[in-house]
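Engineer: Here is the input, now give the coordinates:
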Amino acid sequence: MNIHFDAVIHLLHNASQGALATQSTHMPGYPFASLLPFVLDEQHRPIFLISSLAEHTKNLIADRRASLLVANVGEPTLLANERLSLIGDAERFEPSPELIARAMRYQPELEQYLALGDFAFFRLMPRRARYIAGFGQMGWVEEEAWANCACLPPADEVRLIHEHQSVNARLLGLDCYGFDVECNGKRERQRFPNAPVAIEKIGEVLKRFLAAM
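Structural biologist: Down below sits the predicted model:
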């Protein structure tokens, strides 16, 4: 199956949490899975804010190889649901102020975790992913898809969000493929047609979307 990378991007943006499988230090050779919230950076790579006390953090420090499973569970039949197993290497990193602000727009509770002092940001660097659109519809996505995708620089995202706030929706994040909003307490993903949209055109397209909401 020929996988369109924008489908992978939208699935990742639709998900607010996933199952992170790490290499167990207590039982070497066995995977250890944890349910975690995550946010995407400007290259659509998952980032996590995790405690040094957590088992998965200790596992990642010992062995950075990991896998993240995300799914769209809207269909009543499990195998009909869209899902993705993202395999990669997790690395600790120091986020920019723009990325911290982005993460807290999606997950305001991160502010209290950061105040505790023992939490750190990790990023999952994609190596390969298995995408399943539904029963019998599947294929592999390579790391080059993330490296070569259209990216909106964080400074441009901040500017566009400031310029296009809506009274009917709260903008969470914006990229060349669509945007995420919170409407009546519910998170929604809006896809841009003919994506990726050129950076200089995003504001115009976003304005039309917000006016219709």
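
Engineer: which strand residues sit across from Leu122 in the sheet?
Structural biologist: For the record, residue 122 is Phe, not Leu. Phe48, Arg92 (DSSP bridges).

Engineer: Kindly state the pLDDT recorded for the residue most central in space within the chain?
Structural biologist: Geometric centre of the chain, nearest residue: Leu40, 3.2 Å, by Cα atoms, centre = their mean. At Leu40, the predicted lDDT confidence score is 97.

Engineer: Quick check: phi and psi at it.
Structural biologist: The phi/psi pair for Leu40 (degrees, to the nearest 10) reads phi -100, psi 150.

Engineer: go on, Leu174?
Structural biologist: Torsion angles, degrees, to the nearest 10, at Leu174: phi -140, psi 140.

Engineer: need the contact list for it.
Structural biologist: Neighbour list for Leu174: 152, 157, 160-161, 180, 202, 206 [criterion: Cβ atoms under 8 Å, 6 or more residues apart in numbering]. Glycine gets a C-beta too; all of them are placed from N, C-alpha and C.

Engineer: Against Met1, how distant is the residue nearest to the centre of the chain?
Structural biologist: The gap separating Leu40 from Met1 is 23 Å, by Cβ to Cβ, to the nearest Å.

Engineer: same question, Tyr106
Structural biologist: Distance, Tyr106 to Met1, using Cβ to Cβ: 30 Å.

Engineer: low-confidence ranges in this protein?
Structural biologist: Across the chain, the ranges flagged by pLDDT under 70 are 74-76.

Engineer: let's go with 80 and repeat that
Structural biologist: Regions of the chain meeting the criterion pLDDT under 80 cover residues 1-2, 73-80, 135-136, 166-168, 213.

Engineer: ranges for the strands of it?
Structural biologist: Along the chain, counting by DSSP state E, strands occupy 17-23, 31-37, 39-40, 46-51, 65-71, 83-92, 119-134, 137-142, 170-175, 178-183, 186-191.

Engineer: The last one pairs with which strands, parallel or anti?
Structural biologist: If I follow you right, that is strand 186-191. Here strand 186-191 is paired, per DSSP bridges, with strand 178-183 (antiparallel).

Engineer: got the angle for the strand it pairs with vs strand 170-175?
Structural biologist: For strand 178-183 against strand 170-175, the angle by axes from the mean of the first three to the mean of the last three Cα atoms, to 10 degrees is 170 degrees.
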